[in-house]
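J.: Quick one: sequence and predicted model below, then my questions.
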Amino acid sequence: MLEKEIVVRNRAGIHTRPAATIVKLAAKFKSDIGLDRDGFRINAKSIIGVMTLAAEQGCKLKIYVDGEDEQAAIKELAELFDSGFGEIL
């Protein structure tokens, strides 16, 4: 299992479009993928779960990945967050 702390960088935080982007990316991997905010852990392949994080700009999250493609999954998810989901940072 791998884990990595990431920061929500985009100004609007994780609203509907970034949440959908996270779920779509996570779904392409076989690994189990979770996001954690202050001890509240959700399945990153669930749009409802991702939306319940209510993660605003500057919020710190942990990505947890466990499975056969965990290296690629954590790398791509971290890059997605670092890019600010293509929004204004």
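T.: Sure thing, it's come through.

J.: Show which residues not belonging to stretch 58-76 make contact with it.
T.: Stretch 58-76 is contacted from outside by 1-8, 13, 25-26, 29-37, 41, 44, 53, 55, 77-78, 81, using CB atoms under 8 Å, 6 or more residues apart in numbering. Quick note: C-beta positions are derived from backbone N, CA and C, even for glycine.

J.: With stretch 45-57 instead?
T.: Stretch 45-57 has contacts (CB under 8 Å, 6+ apart) with 8-14, 16, 19-20, 22-23, 26-27, 33, 35, 37, 40, 42-44, 59, 61.

J.: pLDDT of stretch 27-42, averaged?
T.: Averaged over stretch 27-42, pLDDT sits at 97.

J.: My error: substitute stretch 75-82 in the last question.
T.: Mean predicted lDDT for stretch 75-82 stands at 96.

J.: which non-adjacent residue is nearest residue 80?
T.: residue 25 (5.9 Å; CB to CB, 6 or more residues apart in numbering).

J.: list the buried ones in the helix or strand where that neighbour lies?
T.: Using DSSP states H and E, residue 25 falls within helix 16-27. Buried positions in helix 16-27, judged by neighbour count with 16 or more other CB atoms under 10 Å: 18-19, 21-23, 25-26.
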